[in-house]
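Visitor: give me a model of this one.
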Amino acid sequence: MRAFYILPMPMIELSDDELRDCALALRIAARQAQSDADAQPNPRIQQIVLEGAQRYAALGERFETARERRTSTQI
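Guide: Have a look, this model is predicted:
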């Protein structure tokens, strides 16, 4: 039997522009998911889509916070 090992991912260094783009893309995805959830007649599916929208928004906030933190330390 073969053993599989999970290797840690290397750190990703993103520029301010890349962080801003990621945050913007996630905010757009969150809004789109919110619209999709509003159009969904099935409450269970609607809840699943809303949870995805919340995750997108939270991750977008993390990217924006990282960008702000980087910008404030470079001054």
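
Visitor: going forward, measure contacts between C-alpha atoms and count neighbours the same way
Guide: Fine.

Visitor: can you give the distance of the longest helix along the chain from its chain's centre?
Guide: Criterion DSSP state H: the longest helix present in the chain is helix 43-74. Computed by Cα atoms, centre = their mean, to the nearest Å, the chain-centroid distance of helix 43-74 equals 5 Å.

Visitor: buried ones in it?
Guide: 46, 49-54, 56-61, 63-64, 66-67 (16 or more other Cα atoms under 10 Å).

Visitor: centre-most residue in this protein?
Guide: Leu59 (3.3 Å; Cα atoms, centre = their mean).

Visitor: surely that residue and Ala25 touch.
Guide: No: using Cα atoms under 8 Å, Leu59 makes no contact with Ala25, being 10.4 Å away.

Visitor: next, count neighbours for Ala37.
Guide: A count of nearby residues for Ala37, using other Cα atoms under 10 Å, gives 21.

Visitor: what helix or strand is it located in?
Guide: helix 16-39 (DSSP states H and E).

Visitor: on contacts alone, who are the packing partners of that helix?
Guide: When contacts are defined as 3 or more Cα pairs under 8 Å, 6 or more residues apart in numbering; DSSP states H and E, helix 16-39 sits against helix 43-74.
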